[in-house]
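Undergrad: coords below, sequence missing:
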């Protein structure tokens, strides 16, 4: 088990290192940031001076190494636009994003679980079909469209909930629902197919023959094994959540990391872009790592497979 | 994807669990999905003939005309007009070209590259496999939209950038899945026999491994076209996709954003178009999966 964890940690670190190179190259490719910082009337000498001051005149390899060295300690430099340390911006925005993600995840779990299990248990009934429709719609509706409709109708016309920003609990409802909706679909279908397969297995039949009551069969014997594929995919769901969050946070003016990324990119603020992408990737890596470990705990076959 | 449980199915005896469930086997062809896809493909190809007018023609006097079935609608603009008086039907018809081409081209690029990586990694195993899979993992953890936004700022938003940005990330999914399948196939007798018969790596990969992963590829490709259409629309919506004045469904939704309550059709109808196409591809993909490859339930 320890060997498994160590090798997975190393793998994640390698993945992050590769990513940091990509991010560095891409961020440098977003054009000359000096054109945005310096006034229109700046002379070539002022350009040279600013370039030297920001370290942009050093070789790329050197710039990269010093970037990585400082990034590890949480120093991402200053935002070119906000003129504040990037880490401060991240610290401000990250908790908002995490809270929204947690809220969305809570919504999706509380819908996907009962629905997925019931759909499998009551296969072929109206409830099953309704659940399938919800799932297919969830995967086919563009998130941003759902977001706009909710903003305009629920927040705009009906004035039930705030349309944007973060002003207490009610602000979470619309973006959280929009974000969670997409995840519900995949998770529910996975759980349903997992349950169907497990409910058809020999040991569940044996449990039934033994006279175990139905709800125990479903909730104890079957669910435990049907959960395995869901857990494996939890990491992927999380990456989807992060990606979708950029769109959702932009539409709902949510002060989170996704919106920070959007702002950073539209103002070519590359220290911000680097920091956001790396933070996001690090979080995704940590989540994936924990998912893999959790997976190994639930399913002993994985532990011994490598 | 765990390789172990799949390996059990390589036993000579037919495995009950690997068989498609009876309900899926008897399922009829998804006529509705195929119909919707055919219609949209025809519309996209025949756009110059079918479009009732010029999608870019503005007429400020005819702003926000409702669709024909609503009060105040006219038969000159069957689906109404937008903020600049442009004909909605023409814009949706031309927009189908953008969405469908983006979906198909991106997925084909990604699947070709991803399948190649998966085949090579699975065939060679060892260090090659380890290196390729680490790169795959790193790619998978990169948010697609973020990359597309960066590209849009770097080189300016364009159709090519959208396709490249999505394909550059999407291939990893194919690599992962195909590699998992190849690992299972490598343990089977026919590969060993091919080797004994003197087949080289190229021959085994192209003649023996690749044909056996085709079913999976077809299923994944179909399921992902819908996803790519949504991502492309999201990017156009954020202003990082297809630049105006080219009509793209995503940017049309974005333009109609402020008028959802007063003129719902401006963003409602392109949204409906996306929903229909993506829904059709997803349902078709589901059907293909259940029919061709029931083991792939998790995709």
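TA: Received it, and whenever you're ready, just let me know what you need. The model shown is predicted, which means the values in this text are computed figures rather than measured ones.
Undergrad: distance of residue B:184 relative to residue B:197?
TA: Computed with C-beta to C-beta, to the nearest Å, the distance linking residue B:184 and residue B:197 is 21 Å. (C-beta placed from N, C-alpha, C; glycine too.)
Undergrad: these two: which is more packed in?
TA: The residue with more neighbours, out of residue B:184 and residue B:197, is residue B:184; 19 against 9, by other C-beta atoms under 10 Å in any protein chain shown.
Undergrad: is chain A contacted by the strand or helix carrying that one?
TA: Residue B:184 is part of helix B:159-186, with elements assigned from DSSP states H and E. No: Helix B:159-186 lies apart from chain A when judged by C-beta under 8 Å from any C-beta of the partner chain; the minimum separation is 9.1 Å.
Undergrad: what helices or strands is that helix leaning on?
TA: Judged by 3 or more C-beta pairs under 8 Å, 6 or more residues apart in numbering or on different chains; DSSP states H and E, helix B:159-186 is in contact with helix B:4-7, helix B:88-124, helix B:126-140, helix B:144-155, helix B:210-238.
Undergrad: can you add mean neighbour count and give these back as a markdown table?
TA: Converted to a markdown table, the helices and strands packed on helix B:159-186 look like this (neighbours: other C-beta atoms under 10 Å in any protein chain shown):
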| stretch | mean neighbour count |
| --- | --- |
| helix B:4-7 | 15 |
| helix B:88-124 | 22 |
| helix B:126-140 | 17 |
| helix B:144-155 | 23 |
| helix B:210-238 | 23 |
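Undergrad: and the ones you listed, which one is worst for confidence?
TA: Per-stretch mean pLDDT for the helices and strands packed on helix B:159-186 is lowest at helix B:4-7 (a mean of 39).
Undergrad: contact partners for the residue nearest to residue B:101 when sequence neighbours are not counted?
TA: Leaving out its chain neighbours, the residue that sits closest to residue B:101 by C-beta to C-beta, 6 or more residues apart in numbering or on different chains is residue B:44, at 7.4 Å. By C-beta atoms under 8 Å, 6 or more residues apart in numbering or on different chains, the residues touching residue B:44 are B:96-97, B:100-101.
Undergrad: quick one: pLDDT of residue B:44?
TA: As predicted, residue B:44 sits at a pLDDT of 88.
Undergrad: with residue B:27 instead?
TA: The per-residue pLDDT reported for residue B:27 equals 61.
Undergrad: not counting sequence-adjacent ones, nearest residue to the most centrally placed residue in chain B?
TA: Geometric centre of chain B, nearest residue: residue B:225, 1.3 Å, by C-alpha atoms, centre = their mean. Nearest in space to residue B:225, with sequence neighbours left out and distances taken as C-beta to C-beta, 6+ apart, is residue B:103 at 4.3 Å.
Undergrad: so how far is residue B:280 from that neighbour?
TA: 12 Å.
Undergrad: do the same with residue B:47
TA: The spacing between residue B:47 and residue B:280, counted by C-beta to C-beta, is 18 Å.
Undergrad: ok, how many other residues are close to residue A:64?
TA: Residue A:64 is flanked by 16 other residues according to other C-beta under 10 Å.
Undergrad: burial of the closest residue to it other than its chain neighbours, as a residue count?
TA: Using C-beta to C-beta, 6+ apart and skipping the chain neighbours, the partner closest in space to residue A:64 is residue A:24 (5.1 Å). Residues lying near residue A:24 (other C-beta under 10 Å) number 20.
Undergrad: report the secondary structure state of residue A:24.
TA: Following DSSP: H, G, I helix; E, B strand; the rest coil, residue A:24 is assigned to helix.
Undergrad: I'd say it and residue A:274 touch.
TA: Yes: the pair residue A:24 and residue A:274 qualifies as a contact (C-beta atoms under 8 Å) at a distance of 6.8 Å.
Undergrad: mutual contacts of those two, please.
TA: By C-beta under 8 Å, 6+ apart, the residues touching both residue A:24 and residue A:274 are residue A:67.
Undergrad: follow-up on the earlier one: what sits in contact with each of residue B:103 and residue B:280?
TA: Counting by C-beta under 8 Å, 6+ apart, residue B:103 and residue B:280 have no contacts in common.
Undergrad: before we move on, the earlier item: now do the same contact list for the residue nearest to residue A:64.
TA: A:63-64, A:67, A:274.
Undergrad: let's go with 7 Å and repeat that
TA: Contact analysis of residue A:24 by C-beta atoms under 7 Å, 6 or more residues apart in numbering or on different chains lists A:64, A:67, A:274.
Undergrad: from the residues you listed, which is closest to residue B:205?
TA: residue A:64 (36.0 Å; C-beta to C-beta).
Undergrad: so what's that closest one scoring on pLDDT?
TA: For residue A:64, pLDDT reads 82.
Undergrad: quick one: contacts of whichever strand or helix holds it?
TA: Assigned by DSSP H and E, residue A:64 belongs to helix A:60-72. Here helix A:60-72 makes contact (C-beta under 7 Å, 6+ apart) with A:20, A:24, A:55, A:278.
Undergrad: export these as CSV, with columns for secondary structure.
TA: Shown next, in CSV, are these (three-state DSSP):
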residue, secondary structure
A:20, helix
A:24, helix
A:55, coil
A:278, helix
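Undergrad: which one of the residues you listed is nearest to chain B?
TA: Using C-beta to the nearest C-beta, residue A:20 comes nearest to chain B of the contacts of helix A:60-72, at 9.7 Å.
Undergrad: show me what contacts the residue nearest the centre of chain A?
TA: What sits nearest the mean C-alpha location of chain A, by C-alpha atoms, centre = their mean, is residue A:242, with 2.5 Å. The neighbours of residue A:242, taking C-beta under 7 Å, 6+ apart as the test, are A:280, A:284, B:143.
Undergrad: what parts of the stretch 101-250 of chain B come near chain A?
TA: Residues of the stretch 101-250 of chain B lying near chain A by C-beta under 7 Å from any C-beta of the partner chain: B:134-135, B:137-138, B:140-146, B:149-150, B:153-154, B:226, B:230, B:233-234, B:237-238.
Undergrad: one more time with 8 Å
TA: Neighbours of chain A within the stretch 101-250 of chain B, by C-beta under 8 Å from any C-beta: B:134-135, B:137-138, B:140-147, B:149-154, B:226-227, B:230, B:233-234, B:237-238, B:250.
Undergrad: so residue B:96 is in contact with residue B:39, correct?
TA: No: using C-beta under 8 Å, residue B:96 makes no contact with residue B:39, being 9.5 Å away.
Undergrad: any regions of the stretch 101-250 of chain A where pLDDT drops low?
TA: Applying pLDDT under 70 to the stretch 101-250 of chain A flags residues A:163-167.
Undergrad: quick one: the strands in the stretch 101-250 of chain A, in order.
TA: Counting by DSSP state E, counting those that start in this stretch, the stretch 101-250 of chain A has no strands to list.
Undergrad: report the closest residue of it relative to chain B.
TA: For the stretch 101-250 of chain A, C-beta to the nearest C-beta, closest residue to chain B: residue A:152, 3.6 Å.
Undergrad: what is the neighbour count of that residue?
TA: 21.
Undergrad: once you drop chain neighbours, what's closest to it?
TA: Nearest to residue A:152 is residue B:260, by C-beta to C-beta, 6+ apart, at 3.6 Å.
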